[in-house]
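Participant: Structural data only, the sequence is not supplied:
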């Protein structure tokens, strides 16, 4: 199983970037530039990753493909296509985005219409168009599960995969994003099993963070560093390790290097206790 996260050390060359990743204890990386970078720069990072035996795990899109503004929606679609082209070129595990939201201002915010048949159909049609514009051979397009838009459960993800009906559409897993209630957070073990049981072989990338339930009303669930919350990491890593060797567990959403160092130590200690090689 591959493991990675953000790199805080400054670098001047792709080789220094790859060395910094290895120094952090990573065997997988987020690609550090987008499709607008010079071809020589892109190739430099690809070659440096290959030489250091680093799997390029994800290339993100991170925009709103359901934006109510037609011009913004078109621009979001164009970026998704170009990022998927880049992911295919560099051989990343996946190109990942969220499905989109009808929220009027927040690109990733909640809206009651996000769980309508209209939203489902638009997600399917947009995903098909993105994949068909690229026809990727070396990567897959995927959607990060979210608490207030599709896919929010393994069953809705499977329904999307079946409806999109493209070989280049795969699954992405962020278990914290779907532990959206105290009942789910307290039974993270069974939720983890449910996701892997239903989608396991289709998962290309896995995000690693944790979640804590605060003790003031009404409900406050906050992200926290892996190992300091309610996620059953022994089960999470055990199930991830059963997938293809290229599948990556990637730390995210922390702001301090020290948190990444502590999270890495926790992940590696837990993996070692389970006989898992990262």
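Facilitator: Arrived safely, thanks for sending. Quick caveat, the model's predicted, so the values are computed rather than measured.

Participant: who touches residue 128 in this structure?
Facilitator: Contacts for residue 128 were tallied using C-beta atoms under 8 Å, 6 or more residues apart in numbering; they are 164-166. (Glycine included, C-beta is placed from N, CA and C.)

Participant: run the last query once more with 7 Å
Facilitator: Shown here is residue 128, whose contacts under the criterion C-beta atoms under 7 Å, 6 or more residues apart in numbering are 164, 166.

Participant: and if you look at the one 5 residues further on?
Facilitator: Residues in contact with residue 133, defined by C-beta under 7 Å, 6+ apart, are residue 81.

Participant: cutoff 8 Å now
Facilitator: 81, 84.

Participant: Before we go further, it is sitting in a helix, right?
Facilitator: Yes: using DSSP: H, G, I helix; E, B strand; the rest coil, the assignment for residue 133 is a helix.

Participant: quick one: it and residue 165, what's the gap?
Facilitator: 16 Å (C-beta to C-beta, to the nearest Å).

Participant: do residue 175 as well
Facilitator: Applying C-beta to C-beta, the value for residue 175 to residue 165 is 26 Å.

Participant: more neighbours, these two?
Facilitator: Neighbour count, other C-beta atoms under 10 Å: between residue 175 and residue 165, residue 175 has more, with 25 against 11.

Participant: What sits closest to residue 251 if chain neighbours are left out?
Facilitator: The shortest distance from residue 251 to any non-neighbouring residue, by C-beta to C-beta, 6 or more residues apart in numbering, is to residue 5 (3.2 Å).

Participant: Quick one: distance of stretch 200-219 to the chain centre.
Facilitator: Stretch 200-219 has its C-alpha centroid displaced from the chain centroid by 12 Å (C-alpha atoms, centre = their mean, to the nearest Å).

Participant: OK, contacts around residue 129?
Facilitator: Neighbour list for residue 129: residue 77 [criterion: C-beta under 8 Å, 6+ apart].

Participant: Where do the strands of the stretch 1-150 of the chain begin and end?
Facilitator: 2-4, 28-30, 55-60, 94-97, 141-143 (DSSP state E, counting those that start in this stretch).

Participant: swap that for the stretch 151-278 of the chain, please
Facilitator: Going by DSSP E, counting those that start in this stretch, the stretch 151-278 of the chain shows strands at 169-174, 203-208, 210-213, 221-224, 248-251.

Participant: so can I have a markdown table of those strands showing mean neighbour count and mean pLDDT?
Facilitator: Listed next are the strands of the stretch 151-278 of the chain as a markdown table, based on neighbours: other C-beta atoms under 10 Å; pLDDT from 0 to 100:
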| stretch | mean neighbour count | mean pLDDT |
| --- | --- | --- |
| strand 169-174 | 24 | 98 |
| strand 203-208 | 25 | 98 |
| strand 210-213 | 18 | 98 |
| strand 221-224 | 16 | 97 |
| strand 248-251 | 26 | 98 |
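
Participant: do you know how far the spatially closest residue to residue 135 that is not a sequence neighbour is from residue 204?
Facilitator: Spatially, and ignoring its direct neighbours in sequence, residue 135 is nearest to residue 168 (7.4 Å; C-beta to C-beta, 6+ apart). For residue 168, the distance to residue 204 (C-beta to C-beta) stands at 11 Å.

Participant: same question, residue 6
Facilitator: 19 Å.

Participant: same thing with residue 47?
Facilitator: 22 Å.

Participant: residues touching the closest residue to residue 47 other than its chain neighbours, list them.
Facilitator: Nearest-residue entry for residue 47: residue 14, 7.0 Å, with adjacent residues in sequence omitted and distances by C-beta to C-beta, 6+ apart. Residues near residue 14 by C-beta under 8 Å, 6+ apart: 41, 44-45, 47-49.

Participant: one more time with 7 Å
Facilitator: 44-45, 47-48.

Participant: can you check residue 270 too?
Facilitator: The neighbours of residue 270, taking C-beta under 7 Å, 6+ apart as the test, are 233-234, 237.
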